[in-house]
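Colleague: Dropping the sequence and predicted coords here.
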Amino acid sequence: MKPRTETHDLFPHDEDLMLRVLSGDAVSFRQLVQRWKQPLVNFFYRSLGEQESAEELAQEVFIKVWKAKNYQVKAKFSTWLYRLAQHQLIDHWRRMGRRPQRFEPLEQAFELPAQEISPEQRVLVAESRAQVQAAISALPVRQQQVLILSKFQDLKYSQIAEILDCPVNQVKTQVFRAVQSLGKKLKELVHEEA
């Protein structure tokens, strides 16, 4: 994949910005951080359930982006970035000696505009959010990863395959199994509460 040349430099592609970062362009680096900070924080938060850790890990990834010397435009920038994030997450779990068993509730899930939701609906949304998060946290790590990358980060299977370094068919199978497992876990949680 070759870098694109821009006739108007108002909205350069991520790949072009990253090539500029390689030559020490701090303005391009800030643009990448602005574009990708929240998606990275969301990725780590959904994986760990801890806002502070999510922000710290995102910052560590951006430090690696700034220091990168071997970036080449072979795939989308987002694929390369999430691969860095995936490695950072694995390193974090190794340092911690475990992966967290409990998640804080996802604030973005089931988000509805305040004026369109009654107090009763807010309670139902909060309960649903907690049930989904508990069900996700009960999944095996690999199923959590593919579910987060595909359903919450909206990445294509080919991108996930590159990030996780596995065949696309394996990703499809893992997403299918993760969705099935999530459905079973949610049914179990609903029956436990009933």
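Modeller: All right, it came through fine.
Colleague: quick one, what contacts the residue nearest to the spatial centre of the chain?
Modeller: Geometric centre of the chain, nearest residue: Phe43, 2.5 Å, by C-alpha atoms, centre = their mean. Phe43 makes contacts with 54, 82, 85, 148-149, 152-153, as judged by C-beta atoms under 8 Å, 6 or more residues apart in numbering. The C-beta positions use only the backbone N, C-alpha and C, and glycine is treated the same way.
Colleague: what's the single longest helix in this structure?
Modeller: Assignment by DSSP state H gives helix 168-193 as the longest helix of the chain.
Colleague: Would you state the helices of the chain in chain order?
Modeller: Along the chain, counting by DSSP H, helices occupy 14-22, 26-48, 51-67, 77-96, 119-137, 141-147, 157-164, 168-193.
Colleague: For the fifth one, what does the pLDDT average out to?
Modeller: Per-residue pLDDT values across helix 119-137 average out to 67.
Colleague: Over to the last one?
Modeller: Predicted confidence along helix 168-193 averages 82 (mean pLDDT).
Colleague: And the third one, by the same measure?
Modeller: Averaged across helix 51-67, pLDDT comes to 91.
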